[in-house]
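**Student:** Only the shape, not the letters, is given here:
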């Protein structure tokens, strides 16, 4: 089971781009990288998932280098509503359950 | 579309009482799971189910029971509540083969006094 390491917290201002990096040195060949977002008093919400290179959707971009030992979640032009905890998960899509770490608490200031 | 629905949203129990946390999903997902989240921490897996009639233990199963008689429902039973079970409980469901894209309920905040 690949262990992930991400910063405990980050601060940003509205309108800035935020990049949260996750380290996963022991990632396996069939593992995907998945990011979740959790607002206070709510359940986690799937944001984005990727295997290699770059993935983009309407919410975020995910950058994965060739060695796949790390990944970066990029949030363009954050707003106050992006204040949340962001979790990086590594595992294969057939795995029976998710393993969450402590996540990165992002605080966006006006 | 409702997604994953958990009831109740809040509950206070006395030590030793039992109760059932309800979870229902309307997406026809085979996989369902229960997590608990303690303050400032990530989620920890309690029990999960890969389909009706099949359940298995997760990381922290002690003190909890589950059953899965239908695809839609996956209740979590606390047998004899203890203060250490004070937590927020989340139910999740997902499609087989796409388990990393899970849908979570809004959570049940449980306090045991």
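**Tutor:** Looks like it arrived, so ask away. Predicted model only: the values in this text are computed from it and were never measured. Numbering: from 1, shown residues only, chains lettered A, B, ... in the order given.

**Student:** where does chain A dip in pLDDT?
**Tutor:** Applying pLDDT under 70 to chain A flags residues A:1-2, A:93-96.

**Student:** For chain B, what is the nearest residue in it?
**Tutor:** residue A:43 (3.0 Å; Cβ to the nearest Cβ). Glycine gets a C-beta too; all of them are placed from N, C-alpha and C.

**Student:** Now do the same contact list for that residue.
**Tutor:** Residue A:43 sits next to B:4, B:90, B:92, B:104, B:105, B:106, B:107 when contact means Cβ atoms under 8 Å, 6 or more residues apart in numbering or on different chains.

**Student:** Check these and tell me the two furthest apart.
**Tutor:** Comparing every pair within the contacts of residue A:43 by Cβ to Cβ identifies B:92 and B:106 as the most remote, at 11.5 Å.

**Student:** Could you pick out the residues of chain A near chain B for me?
**Tutor:** For chain A, the residues in contact with chain B (Cβ under 8 Å from any Cβ of the partner chain) are A:32, A:34, A:41-46, A:49, A:87, A:89, A:91-103.

**Student:** Return the members of the residues you listed classed as buried.
**Tutor:** Buried residues within those, counting neighbours by 16 or more other Cβ atoms under 10 Å in any protein chain shown: A:32, A:34, A:43-44, A:46, A:49, A:87, A:89, A:91, A:93, A:95-101, A:103.

**Student:** Narrow these to those in strands?
**Tutor:** Assignment to strands by DSSP state E places the following of these there: A:32, A:34, A:46, A:49, A:87, A:89, A:91.

**Student:** what are the bridge partners for the fifth one, then?
**Tutor:** By that I understand residue A:87. Beta-bridge pairing for residue A:87 (DSSP bridges): residue A:36.

**Student:** Now the residue of chain B found nearest chain A: closest residue in space, sequence neighbours ignored.
**Tutor:** Proximity of chain B to chain A (Cβ to the nearest Cβ) peaks at residue B:104, 3.0 Å away. Of all residues not flanking residue B:104 in the chain, residue A:43 sits nearest, at 3.0 Å (Cβ to Cβ, 6 or more residues apart in numbering or on different chains).

**Student:** could you measure that neighbour against residue B:4, distance?
**Tutor:** To residue B:4, residue A:43 is 8 Å away according to Cβ to Cβ, to the nearest Å.

**Student:** Can you pull the residues that touch both of these two?
**Tutor:** Common contacts of residue A:43 and residue B:4 (Cβ under 8 Å, 6+ apart): B:92, B:104, B:105.

**Student:** ok, so of those, who is nearest residue A:59?
**Tutor:** Using Cβ to Cβ, the shared contacts of residue A:43 and residue B:4 come closest to residue A:59 at residue B:104, 16.1 Å.
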